[in-house]
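Novice: Have a look at this prediction, sequence included:
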Amino acid sequence: MFPVKVLFVFAAIVVQLWAGDDVRAKDLAIFRECAEANGLGLKKGDHKREDKPSVEMMCTIKCSMEKKGMLSGGKIQIEETKKDLISHKFDQDKIDKILDCMKGIEVSECSDVEKFKDCTDLDEKMHY
């Protein structure tokens with residue numbers, strides 16, 4: 001489904017062990033809405049591990065970021081992204097590194113979401 005370097009945004013959207021129930025429910029609802037709008041299947045077995053995420057996945061991530069206020073007009077909204085990372089209980093050092101890396105990244109097309117994978121290495125926090 002994803003390369004070893006996991007996309008930051010997906011980490012913020014996917015249900016994580018460290019997020020509170022209210023955060024998980026909200027994130028999951030947004031992700032499902034965006035997945036449906038972009039034709040991304042959500043059933044087990046719909047995806048296979050690939051070096052590059054599918055167009056549907058990248059569009060779903062972009063949509064989710066926009067709905068969460070993390071992305072507006074193609075620009076990363078640093079304060080909203082920081083709030084999201086805090087709500088998922090990332091430590092401050094990791095948050096600072098992620099935000100510093102994300103500064104200047106523009107996401108105007110779905111494929112631009114791939115630019116995030118160099119900002120994080122969060123495999124250990126993913127819960128599929």
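Specialist: Everything's here; your move.

Novice: how long is stretch 35-55 from one end to the other?
Specialist: By Cα to Cα, to the nearest Å, the extent of stretch 35-55 from end to end equals 11 Å.

Novice: Let me know the average pLDDT across that stretch.
Specialist: Averaging pLDDT along stretch 35-55 gives 74.

Novice: Can you name every helix or strand that the lengthiest helix in the chain contacts?
Specialist: The longest helix of the chain (DSSP state H) is helix 21-37. Other elements packing on helix 21-37 under the criterion 3 or more Cβ pairs under 8 Å, 6 or more residues apart in numbering; DSSP states H and E are helix 8-13, helix 55-67. Every C-beta, even on glycine, is put in place using the N, C-alpha and C of the backbone.

Novice: can you state the direction angle for that helix and helix 55-67?
Specialist: Angle, helix 21-37 to helix 55-67, by axes from the mean of the first three to the mean of the last three Cα atoms, to 10 degrees: 130 degrees.

Novice: Mind listing what's buried along helix 21-37?
Specialist: Neighbour counts over helix 21-37 (16 or more other Cβ atoms under 10 Å) mark 23-24, 27, 30-31, 34-35 as buried.
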